[in-house]
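[1] Can you look at this prediction? I've put the sequence above it.
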2 protein chains.
Amino acid sequence: MEFIDQLRNLREQVLFKADLNIDSAFKNIVISGMGGSGIVGNIFSEIYSRKPVQVVSDYVLPEFADKDTLFIGISYSGNTEETIATLEEAEKRGCQIRLITSGGKLAASGHTFAKVPQNIQPRSAIGYMLKPLLSSFLNLPDEACLGISKLLENIDRDNNEEKNLATEIFKHRSIPVILGYHPFRWIAYRWKTQFNENSKIMAFSNYFPELNHNETMPLKDTYEKDKFMFLVFDGSQNSRISKRMNVTAEITGTKFHVISIKGRNLLEQLFYLIHYGDYVSYHLAGMRGIDPNDVSLIESLKKKI
Amino acid sequence: MEFIDQLRNLREQVLFKADLNIDSAFKNIVISGMGGSGIVGNIFSEIYSRKPVQVVSDYVLPEFADKDTLFIGISYSGNTEETIATLEEAEKRGCQIRLITSGGKLAASGHTFAKVPQNIQPRSAIGYMLKPLLSSFLNLPDEACLGISKLLENIDRDNNEEKNLATEIFKHRSIPVILGYHPFRWIAYRWKTQFNENSKIMAFSNYFPELNHNETMPLKDTYEKDKFMFLVFDGSQNSRISKRMNVTAEITGTKFHVISIKGRNLLEQLFYLIHYGDYVSYHLAGMRGIDPNDVSLIESLKKKI
């Protein structure tokens, strides 16, 4: 699939029906996944906290994981070595195991899994991988998914705002720093990684209020600050965060580029922001004359190690 | 206290005797703290995982927190608004509550707390704040603490390596990007925040293997890459990580500045790396003609919000 078709596919992905068929009790959840698959777990952990959810993006399973733990392994390819290492350990510990994958060793492992469609870049399959979690743990009526899909379709039709932001970044060779806040902390990280993988530029993320305790210090007067472009999601939904954003900008003399948020509920807002960032990174790749699909460097690294 | 005396004080801090006197059972732990206090919880969460540990650096307590939860609030001043917000919520939920603080509202709240000495910058009190957690949850004999103290004393006596690294950063006006790995992920973040607060420069952190799934992409060929200096902790203790570091450097043509690790055990290594980073950020502040103690910007932000 062309990259633009993968992007547009997100509005279909949110209609994807999949369930993890969780049938026994558990006391805590460990979600294991790397990169574009791990982000799915992290985004989920911001909207579901009725049980402790620990997201592992590494080789190591936490010690507490045992038969009372629901282990959810997410790997689009099904062959990610870190995820497989944690799965093998989860098997030894007797965890309840569920997987989200399009194939590979995970699909062949014999555990119950949500099968997501193949032939798409893992980072472009975020809807496919998130839906099994949302459907299994949140009460999510079909109309809610239709609402999200409709909103994404609007972005697919008109993404001038996204293109304008990409133009700004391109013109100034900026390094984006995306400053999120709960429950959009991991959306900020998603933007960072999309800039990394699609546009092939350096990018970083952080979140309010934590950044006010350290990262704020150099914002007033340091070297190379003008290389960065600071992006914030409109904080008006949370008065303390919004106040922090305004005061931080004011006392440090920093211009924040504000991304307005659309959506009638949290899930619409989440997917709106995801899709918004996807388009910015896509347009920026085009302006830089770079193929957003290409991650051959990561592929070659995987082979070499 | 002068900043250098605060730094040197760390070797006394690791001998600090404090315990949280945890007397009833719990199923999970929530540690709440911001900035230099929150890092304490995060570093602890990398070396203790026998129960689920969730660190909150925000206003919001996860939904699962209830009477079976051990809530540990950490605020050096005792007056951090985010930590107080989570403490009040923890009280309502009936959590078992323990605090680590030098005074303020936390000390006056009536809950059992570990009292850490006053008149030091919160970020320089990392030993005082970490010790109650280490003593309460890990079997930590006095000799182990003496060993750590001895190692830190060596750095206090000779920190030429640290000064040389600061000189490199100063000369090139570099933006440090510290790339850690488990169990030093949060040490990398600690370095980032020390560069931010002490040296007043931009700095970022990430960790292996996660960064190989996204942040690696722009390392080959992007704009402004030469503004950054990439610092890695010697990965030779973990063969997969060490391989990843070497291959990442090789295929992207990136020079990693390797920080060698000293220490006979994990805790010695942890404190060694903390103290190493502290000195680099301190020397860099001096070279930049900046007071490492000064965080008046953050203080003025707190007043304004």
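    Received the coordinates, thanks.

[2] Find the nearest non-adjacent residue to residue A:262, please.
    Counting by C-beta to C-beta, 6 or more residues apart in numbering or on different chains, residue A:262 lies nearest to residue A:272, which is 5.0 Å off, once chain neighbours are set aside. For glycine as for every other residue, the C-beta is placed from the backbone atoms N, C-alpha and C.

[3] name the element residue A:301 belongs to?
    Assigned by DSSP states H and E, residue A:301 belongs to helix A:296-304.

[4] Identify the bridge partners of residue A:55.
    Beta bridges link residue A:55 to residue A:31 when assigned by DSSP bridges.

[5] Relative to residue A:27, how far out is it?
    17 Å (C-beta to C-beta, to the nearest Å).

[6] repeat for residue A:15
    For residue A:15, the distance to residue A:27 - C-beta to C-beta - is 32 Å.

[7] any idea where the helices of the stretch 201-305 of chain A begin and end?
    Assignment of helices within the stretch 201-305 of chain A using DSSP state H, counting those that start in this stretch yields the ranges A:239-252, A:266-287, A:296-304.

[8] hmm, the shortest one in reach of chain B?
    Yes. Using C-beta under 8 Å from any C-beta of the partner chain, helix A:296-304 reaches chain B at A:297, A:298, A:300, A:301, A:304.

[9] what's that helix in contact with?
    Contacts of helix A:296-304 with the rest of the structure, by C-beta atoms under 8 Å, 6 or more residues apart in numbering or on different chains, involve A:81, A:197, B:212-214, B:216-217, B:219-220, B:244, B:247-248, B:250-252.

[10] quick revisit: pick out whichever of residue A:55 and residue A:27 has more residues nearby.
    residue A:55 (21 against 17; other C-beta atoms under 10 Å in any protein chain shown).

[11] Give me the neighbour count for residue A:70.
    Residues within reach of residue A:70, counting by other C-beta under 10 Å, total 23.

[12] SS state for it?
    Classification of residue A:70 using DSSP: H, G, I helix; E, B strand; the rest coil returns strand.

[13] Spell out which residues make up each domain of chain A.
    Listed by automatic domain parsing, the domain ranges of chain A are A:3-140, A:144-287.

[14] can I assume residue A:100 sits in a strand?
    Yes. Assessed with three-state DSSP, residue A:100 lies in a strand.

[15] Am I right that it is in contact with residue A:132?
    Yes. Residue A:100 is in contact with residue A:132 according to C-beta atoms under 8 Å; the separation is 5.3 Å.

[16] shared neighbours of those two, anything?
    A:18, A:20, A:114, A:116.

[17] For those, work out which two are farthest apart.
    A:20 and A:116 (12.1 Å; C-beta to C-beta).

[18] Buried subset of the contacts of helix A:296-304 as a PyMOL selection?
    A single PyMOL command selects the buried members of the contacts of helix A:296-304 (16 or more other C-beta atoms under 10 Å in any protein chain shown):
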select buried, (chain A and resi 197) or (chain B and resi 212+213+214+216+217+219+244+247+248+251+252)
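
[19] Just the closest of the contacts of helix A:296-304 to residue B:285, please.
    Within these, the smallest distance to residue B:285 is 28.3 Å, found for residue B:219 (C-beta to C-beta).

[20] Verify the stated contact: the residue nearest to residue A:262 with residue A:261.
    Yes. Between residue A:272 and residue A:261 there is a contact under C-beta under 8 Å: 6.5 Å.
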